[in-house]
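Novice: What follows is a predicted protein model with its sequence.
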Amino acid sequence: MSETTTHIPEEKARIGAPSIPGFTEEGEDLSPINDNTSSPLGGSAAKAHSHGGGVGVPDSSRAGRLTSYNVDDFAKLTGREEDWRFTPLKRIKGLHTDELTGAAPKVELTGSDVVTLSEVPADDVLNGIAHTPDDRVSANGWKYATTSQVVTIPKNAEGEKATLRITGESLEAAAQHIIVVAEENSEATVVLDHVGSAVLAQNVEFDVRPNARLTVVSLQAWEDDSVHASSQQALVAAGASFKHVAVTFGGDLVRVNPSARFTGERAEVELYGLYFADAGQHLEHRLFVDHAVANCKSNVLYKGALQGKDAHTVWVGDVLIQKAAVGTDSYEANRNLVLTDGARADSVPNLEIETGLIDGAGHASTTGRFDDEHLFYLMARGIDEKTARRLVVRGFLNEIVQQIGDEALQERLTDTIESELAATDN
């Protein structure tokens, strides 16, 4: 795997890897760029390898896109927009156009006597501290969510673990708003466990306050008839750490957009993801890390497996290092393993840099099939091909499973992976 590390004495650069079919590997090195000369990446430095534009240009980079709480400020979707070009709009069940008046999934909190769950009205002061819709579905969800479920981790709490079970009981299009507040110096793990059947536009905000340490596991274990679009945004204060692990197996169409914005120095963000798509499933993850202040770190790693006809996964990773974010250290990577014919993985890592005074930044993406050498090695030691394939996939995904840090949940995910692999054998 190639890596990219940058030390650039220039004003602004943007890199983007294209959609990757078959087997490819992308990891681009940023050579010194002078704004007065052409970029060695082709074209101007601000637009190299882009889908058109840079910071401040609408619908180009995540940094330049419209944000609004008003759904009418967003144009009607056509599917040709950069943010929606991979998403089959006919399958999102009107989340972008309809009144979302169905019953929102039921929410239950378990696992901790310290972490609390409350409900506040949509106009409460907590709403919008860490979240502003940046697409039409998110804004539509904001419009129709009449209340917000608030999970609060109190100041100085240590090692708390809580599960927010989110159970869908209806296929009528609905909206939901969830807020997780990690107060100063707290430490906790919160699992968002999505189960049942739903057609849901969901907004989730994480308010990670100074020196707090919050781990979130967003588990999408829906039934096969579910449609879920979730915008999950975090605000990360000085000295805080935020780890987000997205795990997606269930649902017909699932689109999860995690993002993190730094508001204070010496903060860290880790975004991990694991997804396994079967025949006909569309699983999409789009993430954004906004380095707006100096001396912060971010690391992104998503891994996915695909099997069956028309299984489709999409991963888009956007990292912005703003001019003020000197001393930034950032890296993002996506790995995809295609298990059968007829499956497709799209992977697009994007990196925007507005200052050369950084410790490092880079991205990489791979999509491919089984490594024949790995299979040969295992089979040469008496392991049959079916078992050898399972071991390779299990080992490939286990790096993400281990990031969860909860033995019971890790065991549940391992069992789910085994069930998915068993389906391949049939």
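Specialist: It's in.

Novice: quick one, strands of the stretch 201-350 of the chain?
Specialist: Here the stretch 201-350 of the chain has its strands, by DSSP state E, counting those that start in this stretch, at 213-220, 227-236, 241-248, 253-262, 268-277, 282-291, 297-306, 312-321, 329-338, 344-353.

Novice: Include distance to residue 84, mean neighbour count and mean pLDDT when you put those into CSV, please.
Specialist: Every C-beta, even on glycine, is put in place using the N, C-alpha and C of the backbone. CSV is the format used below for the strands of the stretch 201-350 of the chain (distance: least, CB to CB, whole Å; neighbours: other CB atoms under 10 Å; pLDDT from 0 to 100):
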stretch, distance to residue 84, mean neighbour count, mean pLDDT
strand 213-220, 19, 23, 97
strand 227-236, 11, 25, 98
strand 241-248, 18, 24, 97
strand 253-262, 9, 25, 98
strand 268-277, 19, 24, 97
strand 282-291, 10, 25, 97
strand 297-306, 20, 23, 96
strand 312-321, 11, 25, 97
strand 329-338, 19, 23, 96
strand 344-353, 13, 24, 94
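
Novice: Dump these to CSV, plus distance to residue 108.
Specialist: Below are those laid out as CSV (distance: least, CB to CB, whole Å):
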stretch, distance to residue 108
strand 213-220, 14
strand 227-236, 18
strand 241-248, 19
strand 253-262, 21
strand 268-277, 24
strand 282-291, 25
strand 297-306, 28
strand 312-321, 30
strand 329-338, 33
strand 344-353, 35
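
Novice: which one of those strands lies closest to residue 160?
Specialist: When the strands of the stretch 201-350 of the chain are compared by CB to CB, strand 213-220 sits nearest residue 160, at 10.1 Å.

Novice: Give the partner strands of the closest one in its sheet and their orientations.
Specialist: Strand pairing for strand 213-220, using DSSP bridges, gives strand 187-208 (parallel), strand 241-248 (parallel).

Novice: rewinding a little: nearest to residue 76, of the strands of the stretch 201-350 of the chain?
Specialist: For residue 76, the closest of these is strand 227-236, at 16.0 Å, according to CB to CB.

Novice: Strand 268-277 and the strand or helix carrying residue 422, what's the angle between them?
Specialist: Taking DSSP states H and E as the definition, one finds residue 422 inside helix 407-425. Relative orientation of helix 407-425 versus strand 268-277 (axes from the mean of the first three to the mean of the last three CA atoms, to 10 degrees): 30 degrees.

Novice: I'd like to check the angle between helix 407-425 and strand 297-306, please.
Specialist: Using the same axes, to 10 degrees: helix 407-425 against strand 297-306 is 40 degrees.

Novice: Tabulate the strands paired with strand 213-220 (TSV), appending distance to residue 279.
Specialist: Compiled in TSV, the strands paired with strand 213-220 are given as follows (distance: least, CB to CB, whole Å):
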stretch	distance to residue 279
strand 187-208	19
strand 241-248	16
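
Novice: Residue 342: which of these is closest?
Specialist: The nearest among these, by CB to CB, is strand 241-248 at 19.6 Å.

Novice: Distance from the chain centre to that closest one, please.
Specialist: Strand 241-248 sits 8 Å away from the centroid of its parent chain (CA atoms, centre = their mean, to the nearest Å).

Novice: And for stretch 295-307?
Specialist: 8 Å.

Novice: Touching, residue 355 and residue 323? I think so.
Specialist: Yes - under the criterion of CB atoms under 8 Å, residue 355 makes contact with residue 323 at 5.0 Å.

Novice: more crowded one of those two?
Specialist: Shown here are residue 355 and residue 323; by other CB atoms under 10 Å, residue 355 has more neighbours (21 against 13).

Novice: coming back round to it: nearest to residue 229, of the strands paired with strand 213-220?
Specialist: Closest approach to residue 229 among the strands paired with strand 213-220 (CB to CB): strand 187-208, 5.3 Å.

Novice: could you check the angle strand 253-262 makes with the closest one?
Specialist: 80 degrees.

Novice: Return the set of buried residues in strand 187-208.
Specialist: Going by neighbour count (16 or more other CB atoms under 10 Å), the buried part of strand 187-208 is 187-208.

Novice: just stretch 386-394 next, same as before
Specialist: 388, 389, 390, 392, 393.

Novice: how does the protein divide into domains?
Specialist: Here the domain parsing of the chain from automatic domain parsing is 13-370, 371-426.

Novice: any idea which of these scores lowest on pLDDT?
Specialist: Here the lowest mean pLDDT among the domains of the chain goes to domain 371-426, at a mean of 79.

Novice: follow-up on the earlier one: of the strands paired with strand 213-220, which is nearest residue 294?
Specialist: Distance to residue 294, taken as CB to CB, is lowest for strand 241-248 among those, at 16.6 Å.
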